[in-house]
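> sequence unknown, structure follows:
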């Protein structure tokens, strides 16, 4: 085991894939620049050369088409976009080509591409640089959509994505990049896609979450234990396809649940989870299902407006308090100097 940050674990996974398989290539805007996409691609060009690790012109649709062609030709392309928002220019290639070829050609054609998209918030990035559109991708048949939470996930899920025979979108929340943790060193280390994980066991209520909101759930659960409420946290990790069985086992035990999503509520993955669980457990639930997600409006740029727009552990505590009729003061809980950055290490969007 070795201790790495989330960003270093991504870099470690990329280095491993490039080293053990000569068909892997890595490219995208900023891949070879001095910052290395939040540090995730540093030193890869030096190790593996310009033919396998390279920058690209600003042509998202074009570079995605190149990835599809390269994949059909036997390569395993890994693309990186420093913003999910920028990748929207490539939706035609993703939806009408990458996601469908395996189906259209009788499962005889594979498209082993991995597309890293970075999402999140902070520092006034506003409506065109902070969108959480994972539900768009998750509702397209033929795509796997992964949202890692832990440092271990960053390496294990990325390697599993790279060697999956068909397209995987790998969505990284930028607020996770500096989190550290233990990571196995073996080249063979993988974490299966489509498998959720219990981050914490509990008996009173299930919190179903993904990506950065799972970290907020852990903070909230620790506070709620002071009031004898134990939360079971299910980290979904892969939002398409979802591991329903793990979720069912937990909700069947606790009979209460809250779903957390980093996106706007309407049409979200969180809303789909609430709907499915409500239909399945309608007569068994002890309390009304809850969802904590963003308002159905664009992300504000203003420092003051973002205070009420984004959700965190305090919102989770308030929702659970209401379910159990508790009075919990959150005014002094985890107060930060600035609400729109995860810590002093965060030096800006790039």
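In hand now; what should we look at? Bear in mind that the values here come from a model prediction, so they are computed numbers and not experimental data.
> tell me the SS of residue 317?
Three-state secondary structure (criterion: DSSP: H, G, I helix; E, B strand; the rest coil) places residue 317 in helix.
> residue contacts, it?
For residue 317, the residues meeting the contact criterion (Cβ atoms under 8 Å, 6 or more residues apart in numbering) are 220, 223, 224, 328, 330, 333. Backbone N, C-alpha and C define where each C-beta goes, glycine included.
> again, only this time at 10 Å
Each residue near residue 317 by Cβ atoms under 10 Å, 6 or more residues apart in numbering is listed here: 216, 219-221, 223-224, 227, 229, 326, 328-330, 333-334.
> could you report the neighbour count for residue 164?
Residue crowding around residue 164 was assessed by other Cβ atoms under 10 Å; the count is 18.
> just residue 150 next, same as before
23.
> what separates the nearest residue to it once chain neighbours are set aside from residue 154, distance-wise?
Nearest residue to residue 150 in three dimensions, chain neighbours excluded: residue 181, at 5.9 Å (Cβ to Cβ, 6 or more residues apart in numbering). Note on residue 181: its distance to residue 154, by Cβ to Cβ, to the nearest Å, is 9 Å.
> tell me which of the two has more neighbours.
residue 154 (30 against 16).
> so that one touches residue 171, yeah?
No - with contact defined as Cβ atoms under 10 Å, residue 154 does not reach residue 171; the gap is 11.6 Å.
> of the contacts of residue 317, which is the nearest to residue 264?
Distances from residue 264 to those, taken as Cβ to Cβ, are shortest for residue 216 (16.9 Å).
> residues contacting the closest residue in space to the closest one that isn't next to it in sequence?
Nearest non-adjacent residue to residue 216, counting by Cβ to Cβ, 6+ apart: residue 313, 4.5 Å away. Residues in contact with residue 313, defined by Cβ under 10 Å, 6+ apart, are 213, 215-224, 330, 333-334.
> where is the longest strand in the chain?
Ranked by residue count, the top strand of the chain under DSSP state E comes out as strand 257-264.
> quick check: bridge partners of residue 170?
Legend: beta-bridge partners of residue 170 under DSSP bridges are residue 116, residue 146.
> my guess is it contacts residue 162, does it?
Yes - at 8.8 Å, residue 170 counts as touching residue 162 under the criterion of Cβ under 10 Å.
> shared neighbours of the two, anything?
Listed contacts common to residue 170 and residue 162 are 13, 78, 114; contacts here mean Cβ under 10 Å, 6+ apart.
> thinking again about what came up before, and for residue 181 and residue 154, which residues touch both?
Common neighbours of residue 181 and residue 154 (Cβ under 10 Å, 6+ apart) are 4, 5, 6, 9.
> if we can go back for a sec, tell me the gap between the host helix or strand of the residue nearest to residue 150 and the middle of its chain.
Using DSSP states H and E, residue 181 falls within strand 180-183. Distance of strand 180-183 from the chain centroid (Cα atoms, centre = their mean, to the nearest Å) equals 17 Å.
> which elements pack onto the helix or strand following it?
The first helix or strand that comes after strand 180-183 along the chain, using DSSP H and E, is strand 197-200. Contact partners of strand 197-200 among helices and strands, from 3 or more Cβ pairs under 10 Å, 6 or more residues apart in numbering; DSSP states H and E: strand 205-209, helix 212-225, strand 231-235, helix 244-254.
> looking at those, which is buried most?
Per residue and on average, the most neighbours among the helices and strands packed on strand 197-200 fall to strand 205-209, with a mean of 29 (mean count of other Cβ atoms under 10 Å).
> picking that back up, now, which of the contacts of residue 317 sits nearest residue 261?
The nearest member of the contacts of residue 317 to residue 261, counting by Cβ to Cβ, is residue 216 at 11.5 Å.
> where does the prediction get shaky in the stretch 201-350 of the chain?
Low-confidence segments of the stretch 201-350 of the chain, defined by pLDDT under 70, span residues 344-350.
> one more pass at 80, please.
Low-confidence regions of the stretch 201-350 of the chain, defined here as pLDDT under 80, cover residues 331-338, 340-350.
> direction included, what does the longest strand of the chain pair against?
Using DSSP bridges, the strands paired with strand 257-264 are strand 205-209 (parallel), strand 290-294 (parallel).
> quickly list the domain ranges of this protein.
Residue ranges for the structural domains of the chain, counted by automatic domain parsing, are given in the record as 2-183, 197-323.
> thank you, goodbye.
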